[in-house]
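S.K.: I would like the atomic coordinates for the input below:
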Amino acid sequence: MKLRQPYHATPEQMLAFLLANTERWGVFGCLVWMGCRDKDGYGQVKYQKRLWRVHRLVYALSVGLTELTVVNHVRACSYASCILLAHLEVVTGTENARRRGEFSPPMLNRRCTSRRILGSFGRVSCLEAWSLGHRAQMCGRCTVLSQKGQNP
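M.R.: Below is the predicted model of the structure:
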């Protein structure tokens with residue numbers, strides 16, 4: 001059930017709101033934020049008069065973090081808007097920059113929400129289909145981008 005964002009929320013109320021506005025997606029069981037997203041595909045929400053990326057806010061409310069902490073998604077996670085704690089880890093700014101430079105799928109369209117049935121895997125995203133070697137199961141935009149070898 002989708003909840004409305006509480007105006008003055010306690011951390012517990014905010015976590016309940018965030019979890020109520022997610023869906024389980026993909027082979028790896030990502031918990032994907034279904035609310036607003038920024039241009040890079042990260043979920044975003046306002047909390048205590050500040051705009052947060054949802055994965056950072058979930059980590060902050062659950063575990064705690066400082067201003068300089070970088071919260072990164074682990075390699076198995078396919079969605080920028082995933083808020084599952086098991087898919088989040090704290091890294092240094094240097095490590096985050098290094099990972100950004102590593103190989104990523106050419107059609108890494110983090111905003112794509114297309115999901116297709118893929119045999120025993122069930123419903124998968126274009127990124128998961130690509131990583132599993134089933135490029136024919138990607139949406140049209142991701143297929144074109146992967147053939148051009150560029151990011152959206």
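
S.K.: hey, let's count contacts and neighbours off CA atoms from now on
M.R.: Noted.

S.K.: and residue 24, which of the three is it?
M.R.: Three-state call for residue 24 (DSSP: H, G, I helix; E, B strand; the rest coil): strand.

S.K.: and what of residue 39?
M.R.: Of the three states, residue 39 takes coil under three-state DSSP.

S.K.: and the pLDDT for it?
M.R.: Per-residue confidence (pLDDT) for residue 39: 81.

S.K.: which stretches in the chain count as helices?
M.R.: Here the chain has its helices, by DSSP state H, at 11-20, 54-62, 93-101, 126-131, 140-148.

S.K.: for residue 74, see how far away residue 14 is.
M.R.: 24 Å (CA to CA, to the nearest Å).

S.K.: whoops, I mixed them up, residue 60
M.R.: 17 Å.

S.K.: go on, residue 26?
M.R.: According to CA to CA, residue 26 and residue 74 sit 15 Å apart.

S.K.: quick check: which ranges of this protein have low pLDDT?
M.R.: Within the chain, the segments meeting pLDDT under 70 span 1-4, 7, 76, 78, 100-124, 127-138, 140-152.

S.K.: which parts of it belong to which domain?
M.R.: What automatic domain parsing lists as the domains of the chain is 11-101, 115-148.

S.K.: could I get these as TSV with distance to residue 5 and mean neighbour count?
M.R.: Output for the domains of the chain, formatted as TSV (distance: least, CA to CA, whole Å; neighbours: other CA atoms under 10 Å):
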stretch	distance to residue 5	mean neighbour count
domain 11-101	6	16
domain 115-148	27	17
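
S.K.: thank you kindly, that will do.
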